[in-house]
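S.K.: Starting from these lines, generate the structure:
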Amino acid sequence: MEILKTDLSRFKSIKDFPYKENYIDFDEMQMHYVDEGEGETILALHGLPSWSYLYRKFIPILNNYRFIAPDLIGFGKSDKIVGWKNYSFELHFKSLENLINKLELNDITLIVHDWAGLLGLSLLGEHQEKIKQVVILNTFLPVGEPLPFKLKVYKKVMRLIPSFPVGMIMQRVTFNKLPKHIIEAYEAPYPNKKHKDGAYAFPQLLPNKPTDYGVTRLKKAKEILSKWTKPALVMFSDKDTVFTPLYDFFINLIPSSQQHEKIVIKDAGHFLQEDKGEEIAVLIDRFIKGELKKVTNHV
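M.R.: As a prediction, the model looks like this:
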């Protein structure tokens, strides 16, 4: 298996992500993560095709916590495997499990978004004793049933495109126009197509039938969440045509999420961390402090 190291010189022009690089060994690879501040642990997980840069607006506001944001294998500053078929649900799950075990993380406030919903909530299902509370942003929890039509189309299109257009995807599903330097930051991990196989893999890893990899873990996560009494905060945006309708799925699934009024992030797309990052971070801070008893339904 060919493993590519990240060319860190491609990140030097990024001015709004001045955080120390940390690495942890996983098999024969290195996983990069940001580890800023002290206090209660927040573990923020990204999806496709982003990396820990997605949470740059959260870190200054949540500066009274230990904020950890890893780059999944194949993304950001983490090592990248050549060949999209070398990526698997289990590889990503085990890499995150490795992270929380080696860093000895406990009492975690877990933040998940996009593909990190599948992986992070599976992590919660397997290690619920380590998770203090959970924040769920624009994601879903497939358990081996046929995918919605839009996701089926997305899965097929992503396999056929000649090059994975990271910057274009980030812009198309973000409500506000992204400046050039932000697009370049998201494209920085990928100097060529050979580095993008992790991104190519994720759409093809979406489980569509009961025998697909990951379904067992996802079913366990769903079962655990259906009985979840620890704090849970569900925040979806209003301009995500695919995921916004799934807000009610999580509210209806997780008993403790119903303790707060409905929170919909106004004028934000799928990457709501880009559109309304600061506002969401403030809400997360209030959630951790137990101050979300009477939150209004918009930001």
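S.K.: residue ranges of the strands in this structure, please?
M.R.: Ranges of strands in the chain, per DSSP state E, are 3-4, 22-26, 29-36, 41-44, 66-70, 80-81, 108-113, 131-137, 232-237, 263-265.
S.K.: got the ones you listed as TSV, with mean neighbour count, mean pLDDT and distance to Leu99 columns?
M.R.: For the C-beta atoms, the positions are set from N, CA and C on the backbone; glycine is no exception. Listed next are the strands of the chain as TSV, based on neighbours: other C-beta atoms under 10 Å; pLDDT from 0 to 100; distance: least, C-beta to C-beta, whole Å:
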stretch	mean neighbour count	mean pLDDT	distance to Leu99
strand 3-4	15	97	18
strand 22-26	15	98	6
strand 29-36	20	98	6
strand 41-44	25	98	8
strand 66-70	24	98	6
strand 80-81	22	98	17
strand 108-113	25	98	11
strand 131-137	23	98	14
strand 232-237	25	97	22
strand 263-265	21	94	27
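S.K.: Just put those in TSV and tack on distance to Glu90.
M.R.: Below are the strands of the chain laid out as TSV (distance: least, C-beta to C-beta, whole Å):
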stretch	distance to Glu90
strand 3-4	17
strand 22-26	12
strand 29-36	14
strand 41-44	19
strand 66-70	17
strand 80-81	13
strand 108-113	18
strand 131-137	20
strand 232-237	26
strand 263-265	32
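S.K.: Do a quick rundown of the helices in the stretch 101-250 of the chain.
M.R.: 115-126, 149-160, 166-172, 180-187, 197-204, 215-225, 247-253 (DSSP state H, counting those that start in this stretch).
S.K.: what pLDDT does Val295 get?
M.R.: The model reports Val295 with a pLDDT of 43.
S.K.: can you pull the contacts of Tyr19?
M.R.: Contact analysis of Tyr19 by C-beta atoms under 8 Å, 6 or more residues apart in numbering lists 34, 36, 59.
S.K.: between these, which is nearest Ser256?
M.R.: Ile59 (26.2 Å; C-beta to C-beta).
S.K.: Distance of that closest one relative to Ile68?
M.R.: Remark: distance between Ile59 and Ile68 (C-beta to C-beta, to the nearest Å) = 10 Å.
S.K.: Name the residues contacting each of these two.
M.R.: 34, 36.
S.K.: For Lys194, find the nearest of the strands of the chain.
M.R.: Here strand 3-4 is closest among those (C-beta to C-beta), at 7.0 Å.
S.K.: Adjacent strands (with direction) for that closest one?
M.R.: Sheet partners assigned to strand 3-4 using DSSP bridges are listed as strand 80-81 (antiparallel).
S.K.: next one: the strand it pairs with to chain centre, how far?
M.R.: 18 Å (C-alpha atoms, centre = their mean, to the nearest Å).
S.K.: Was I right to think Ala232 contacts Val134?
M.R.: Yes - the pair Ala232 / Val134 is scored as a contact, 5.1 Å apart, by C-beta atoms under 8 Å.
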